[in-house]
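Asker: This is a predicted model, with the sequence first.
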Amino acid sequence: MTKVVLNGSVSLDGYSAGPNVGEEHPMGEGGERLHEWMFAEGSDGDAPFAATVGAVVLGRRTFDLGLKYWQDTPFPVPSFVLTHESRPPLEMKSAAFTFVTDGPKSAVAQARAAAGDRDVLVMASANAAQHVLRAGLVDEIRLQLVPVFLGAGARLLDGLPAGELERVEVTETDDVLHLRFRVRR
């Protein structure tokens, strides 16, 4: 069965991006440290998880700042961009970006349809991820807890309503602690 999985790296103080996110610092100042574990010697990064992804939901800011680095969809699957700006799909080498203007429910529904029996990955800015979480659309949360303090920036799980999570898995490596939770409904 297709799951909607929110996936992201966070600092020990809860930030998913450093301060001053923009063209010069797409992950905010110091935010690139949150992904260094993916490129560490001996790491397979997120390859095992990536193999389960059938579609991606991302925010407009993530799209705007990430496209120049990806030069394609972030994974070789259809990607759905939450935005207020209507525009035609953007065909890429691996798949297409579809721009969804009618909210997270529509974006996730379209992504589920495109994913088939594979998972929908939510890889969005904190703001867009929170919209998907508040709408009750996330089945699982996967966090990579990185042993750094960013001190400021965007908190991935800030301002959410109370809820329950069930711990599914904890995996430790030298550079990061992988946490996996099921959202209780």
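Answerer: Perfect, thanks for sending it.
Asker: make it CA atoms for all contacts and neighbour counts henceforth
Answerer: OK.
Asker: what about this protein, any weak spots by pLDDT?
Answerer: 42, 44-47 (pLDDT under 70).
Asker: Grab the most central residue of it for me.
Answerer: Nearest to the mean C-alpha position of the chain, by Cα atoms, centre = their mean, lies residue 123 at 1.6 Å.
Asker: Test my guess that it contacts residue 129.
Answerer: Yes. Counting by Cα atoms under 8 Å, a contact exists between residue 123 and residue 129, whose distance comes to 7.3 Å.
Asker: okay, and the common contacts of those two?
Answerer: Taking Cα atoms under 8 Å, 6 or more residues apart in numbering as the contact rule, residue 123 and residue 129 both touch 6, 58, 59.
Asker: neighbours of the second one, just the number please.
Answerer: So the one you mean is residue 58. Neighbouring residues of residue 58 were enumerated by other Cα atoms under 10 Å; the total is 26.
Asker: Any idea how far apart the tips of stretch 135-144 sit?
Answerer: Counting by Cα to Cα, to the nearest Å, you get 23 Å between the two ends of stretch 135-144.
Asker: Tell me the buried residues in that stretch?
Answerer: Residues of stretch 135-144 classed as buried under the neighbour-count rule (16 or more other Cα atoms under 10 Å) are 137, 138, 139, 140, 141, 142, 143, 144.
Asker: which residues does the fifth one bridge with?
Answerer: On the basis of DSSP bridges, residue 141 takes part in beta bridges with residue 6, residue 181.
Asker: the strands in the protein, which residues?
Answerer: Taking DSSP state E as the criterion, the chain contains strands spanning 4-11, 15-17, 53-59, 79-82, 90-91, 96-100, 119-122, 140-146, 154-155, 165-172, 177-183.
Asker: Using TSV, please lay out those together with distance to residue 40.
Answerer: Shown next, in TSV, are these (distance: least, Cα to Cα, whole Å):
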stretch	distance to residue 40
strand 4-11	15
strand 15-17	19
strand 53-59	22
strand 79-82	27
strand 90-91	32
strand 96-100	29
strand 119-122	23
strand 140-146	13
strand 154-155	24
strand 165-172	14
strand 177-183	14
